[in-house]
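1. Let me see the structure of the following:
(chains A and B)
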Amino acid sequence: MRGQFLFQEIWTGLRRNLTMTVALVVVVAISLSLLGTGLLFVKQVDNTRTYWQGRVQLSIFLCTATSVSAQCKQTGPATQAQRDQILHDLTALRSQGVEQVYYESQAQAFARFKKDFAQDRSFASLVTQGEIPDSFQVKLRNAQADYNVVAGAVEGRPGVDNIVNVESILSNFYKLLDGARNAVIVVAIILVIAAILLVANTIRLSAFNRRRETSIMRLVGASNFYVQLPFLLEGVIAGLFGWLIAAGLLIAVKTLGLDTLQQYFPYNVRLSVADLVEVIVLAMVMGVVLCGVTSFLTLRRYLRA
Amino acid sequence: MIHFDNVTKTYPSQSRPALENVTIDVEKGEFVFLVGSSGAGKSTFLRLILKEEKPTDGKIHVAGKDLARLTNWKVPYLRRRIGCVFQDFRLLPNKNVYQNVAFALQVIGKPRRFIRKVVPEVVDLVGLEGKHDRMPHELSGGEQQRVAMARAFVNRPMILLADEPTGNIDPATSIGIMKVLDRINRTGTTVVMATHDAAIVDSMRKRVIELEYGKVVRDQSRGVYGQAY
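-> Now for the predicted structure:
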């Protein structure tokens, strides 16, 4: 079937059935967006987990001249003697769960801070080196079990500002993301089912509206494939329009949603552009397959051979 | 060209067969009238040739091919070699004369250059020169039927089947229609026409096959509509 003729048939079909086509496009757009968002969440969690793999679980921040906690105001900035004592005690706890201890000086901490916030220079420039505390970064053998022992050993000492349980912050974050991901995917699956039904109905209606043409086509000897092709492509093209909208929404979700959430966390696990492209391409494949297969099966059933 | 060998066709919901033990041979280039009262089996006969229905029993050969052996996806290619004309014309209402005839070629993938050459020839052949851009509702019944015949003939089929083509047309115009059919037949196309129109059958003196309750009761070359006792 010649290209121009085929294009005309498809365009006529889409136009005649305009309200249903629009409904189809909207539902496909939303369901693909939600599926894509779920995928983005999964990737985000993976990114975060990878970042934290093998990093410290326990950070003991020492007092500096500008620390604001009551403890530090009372005892003043940490002295070298205090530092040595803490290091000695932590090392002694090797048998009780400490795998590794290392000291991060203020200069090192400041350099790391600047690197982590490289995307947000305005914020980074507000902070000076003196305000970033030095710390002992502790890697535990078993994060849950050993935390209390090790934290208890250094808590409240002079020179210790506060102890951060990195793991608990993270597990809360993971739980939040997992919960959001599950909710999104459940809604997405419901919408995908709705999309499938809508595609089937739209194609059926389109084929019914053109039954005069299709019966003559069949009479005149057009092969089944050529009879079905315009309708099949109608479904796929409407699906692609839906995908375009979904792609736009996914870009918004990533840049305006996930990326801006990053500012609440002192580390950088933004998804890359490649990740976003991968999700968008996957959404397109899913959309085309969904619309194509549904259209094909519907046509086989209602456009009798 | 068309060979029915002891063909029986019973529709699922009926007790009496639509066609019973029908054996007919139609040679290439013949002009055959198929006559009989309503329900005699004329339309069934034509549908079996197109493989729109399958026989309950017996063998059918069209252009040397055994229809029983023809796979479903090959049926369209058979239908391209058979042209069809109906009592209700079956034109597309929102396409003009040219587009209606061209449609038959477009859907089988013929290139536009070919269509632009062939369609005007055929439209002129059926006597509609100058009316290429008229819409069906602007044409008389006779003219619409001519468009249908042009569409049926444009792909130069081997066989032309006509199911009561003059049924909706007045006797005077019917003569014009039959002249076109005759012209088509003279190009070598086999024509099988089912009809009630006694006057036409009598005036043309072609082969007449009469069906009654699904059986062949008469097969006469240069025949007339009614029995010649």
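2. For the rest of this, base every contact and every neighbour count on C-alpha atoms.
-> Will do.
3. which bits of the stretch 201-305 of chain A sit near chain B?
-> A:212-213, A:216-224, A:226-227, A:305 (CA under 8 Å from any CA of the partner chain).
4. Show me which of those is closest to chain B.
-> For these, the closest approach to chain B (CA to the nearest CA) belongs to residue A:221, at 4.1 Å.
5. Can you list the residue ranges for helices in the stretch 201-305 of chain A?
-> Under the criterion DSSP state H, counting those that start in this stretch, helices of the stretch 201-305 of chain A are mapped to A:211-220, A:224-252, A:259-261, A:273-302.
6. Could you list the low-pLDDT ranges of the chain?
-> Picking chain A for this. For chain A, the stretches with pLDDT under 70 are A:1, A:53-56, A:119, A:142-145, A:263-269, A:304-305.
7. not quite, I wanted chain B
-> B:227-229.
8. interface residues of it facing chain A?
-> Residues of chain B lying near chain A (CA under 8 Å from any CA): B:72-73, B:75-80, B:82-84, B:90, B:92, B:104, B:106-111, B:152.
9. Could you dump the residues of the stretch 201-305 of chain A next to chain B into TSV with distance to residue A:273 and neighbour count added?
-> Below are those laid out as TSV (distance: CA to CA, whole Å; neighbours: other CA atoms under 10 Å in any protein chain shown):
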residue	distance to residue A:273	neighbour count
A:212	49	14
A:213	47	18
A:216	51	18
A:217	48	22
A:218	49	21
A:219	52	19
A:220	52	26
A:221	50	25
A:222	46	26
A:223	45	23
A:224	43	20
A:226	40	19
A:227	41	23
A:305	47	15
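10. Show me the two of the residues you listed that sit farthest apart.
-> Farthest-apart pair in these is A:212 and A:223; separation 16.1 Å (CA to CA).
11. So for chain B, the centremost residue is which one?
-> The structure's chain B has its C-alpha centroid closest to residue B:161; by CA atoms, centre = their mean the separation is 1.4 Å.
12. What separation do you get for that residue and residue B:111?
-> Per CA to CA, to the nearest Å, residue B:161 is found 26 Å from residue B:111.
13. Same check on residue B:136?
-> From residue B:136 over to residue B:111 (counting by CA to CA), the distance is 25 Å.
14. of these two, who's got more company?
-> residue B:136 (21 against 12; other CA atoms under 10 Å in any protein chain shown).
15. next one: the host helix or strand of residue A:164 to chain centre, how far?
-> Secondary structure from DSSP states H and E places residue A:164 in strand A:160-165. Distance of strand A:160-165 from its chain centroid, counting by CA atoms, centre = their mean, to the nearest Å, is 30 Å.
16. The residue nearest to the centre of chain B in helix, strand or coil?
-> Look at residue B:161: counting by DSSP: H, G, I helix; E, B strand; the rest coil, its state is strand.
17. re the thing from before, buried set for the strand holding residue A:164?
-> Neighbour counts over strand A:160-165 (16 or more other CA atoms under 10 Å in any protein chain shown) mark A:160-163, A:165 as buried.
18. what's the answer for stretch A:35-52, then?
-> Quick answer for stretch A:35-52 (16+ other CA under 10 Å): A:35-45, A:47-48, A:52.
19. can you list contacts of that stretch?
-> Residues from elsewhere that reach stretch A:35-52 (CA atoms under 8 Å, 6 or more residues apart in numbering or on different chains): A:174, A:177-178, A:180-182, A:184-185, A:188-189, A:250, A:253-254, A:269-271, A:275-276, A:279-280, A:283.
20. Which ones among the residues of chain B next to chain A lie within helices?
-> If you go by DSSP state H, the residues of chain B next to chain A have B:75-79, B:104, B:106, B:152 in helices.
21. Next, format those as a markdown table and append distance to residue A:135 and neighbour count.
-> Shown next, in a markdown table, are those (distance: CA to CA, whole Å; neighbours: other CA under 10 Å):
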| residue | distance to residue A:135 | neighbour count |
| --- | --- | --- |
| B:75 | 82 | 20 |
| B:76 | 81 | 22 |
| B:77 | 82 | 14 |
| B:78 | 86 | 20 |
| B:79 | 86 | 22 |
| B:104 | 83 | 27 |
| B:106 | 79 | 21 |
| B:152 | 91 | 26 |
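22. tell me the two of these that are most distant?
-> Distance extremes for those: the farthest pair is B:75 and B:106 at 18.0 Å, using CA to CA.
23. what are the ranges of the strands in chain B?
-> B:2-9, B:19-26, B:31-35, B:57-62, B:65-66, B:82-86, B:159-163, B:190-195, B:207-212, B:215-220 (DSSP state E).
24. What pairs with the fifth one, parallel or antiparallel?
-> Using DSSP bridges, the strands paired with strand B:65-66 are strand B:57-62 (antiparallel).
25. could you give the angle of the strand it pairs with to strand B:19-26?
-> If you take axes from the mean of the first three to the mean of the last three CA atoms, to 10 degrees, strand B:57-62 sits at 20 degrees to strand B:19-26.
26. Tell me the buried residues in strand B:57-62?
-> For strand B:57-62, the neighbour count (16+ other CA under 10 Å) marks B:58-62 as buried.
27. Tell me the spacing between residue B:50 and residue A:227.
-> From residue B:50 across to residue A:227, the span is 17 Å (CA to CA).
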